[in-house]
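structure for the following, please:
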Amino acid sequence: MATIASMLGIAGKNPSRTWQRYETGEREPPVSVIAKLEMISEGAVTSSSWMQVRQAYLNRTQVSV
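Sure thing, here's the model as predicted:
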């Protein structure tokens, strides 16, 4: 995970954990990270696919009242 975080320019205290949060949809990555990932993956990963992951995460975490 540290390698991909480094390739995408993710910095901070724990870049691997930040990447993990992006990957699971827990956090929304900046557009710059999505653009780099799309380029690195040669289009296999797109902003649309990130939106789907994020929406799935949000749907799982919503609490019914």
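
C-alpha from now on. contacts and neighbour counts both.
Will do.

give me the most central residue, the chain.
Taking CA atoms, centre = their mean, the centroid of the chain lies closest to Y22, which sits 2.8 Å from it.

and N59, how many neighbours?
Neighbours of N59 under the rule other CA atoms under 10 Å: 10.

typo on my end, it should be Q20
15.

show the pLDDT at it.
Confidence at Q20, expressed as pLDDT, is 94.

in contact with it, which residues?
Counting by CA atoms under 8 Å, 6 or more residues apart in numbering, Q20 makes contact with M1.

now do it against E28, distance only.
Distance, Q20 to E28, by CA to CA, to the nearest Å: 11 Å.

secondary structure element for the residue nearest to the centre of the chain, which one?
Using DSSP states H and E, the element containing Y22 is helix 15-24.

what are the buried residues along that helix?
Neighbour counts over helix 15-24 (16 or more other CA atoms under 10 Å) mark P15, S16, T18, W19, Y22 as buried.

if we only consider the residues you listed, which is nearest to I40?
Set against I40, the nearest of the buried residues of helix 15-24 by CA to CA is W19 (15.0 Å).

outside of the helix or strand hosting I4, which residues touch it?
Assigned by DSSP H and E, I4 falls within helix 2-7. Contact partners of helix 2-7, identified using CA under 8 Å, 6+ apart, comprise A11, P15, S16, W19.

from those, which is closest to V33?
Here the nearest of the contacts of helix 2-7 to V33, counting by CA to CA, is W19; it sits at 9.8 Å.

and the residue nearest to the closest one when sequence neighbours are not counted, how many neighbours?
Leaving aside its chain neighbours, W19 sits nearest to A5 (5.9 Å; criterion: CA to CA, 6 or more residues apart in numbering). Other residues near A5 come to 18 when the count uses other CA under 10 Å.

quick check: the gap between A5 and E26.
For A5, the distance to E26 (CA to CA) stands at 16 Å.

and for K13?
K13 is 17 Å from E26, by CA to CA.

so for these two, which residue has more residues nearby?
Remark: of K13 and E26, E26 carries more neighbours, 18 against 8, as counted by other CA under 10 Å.
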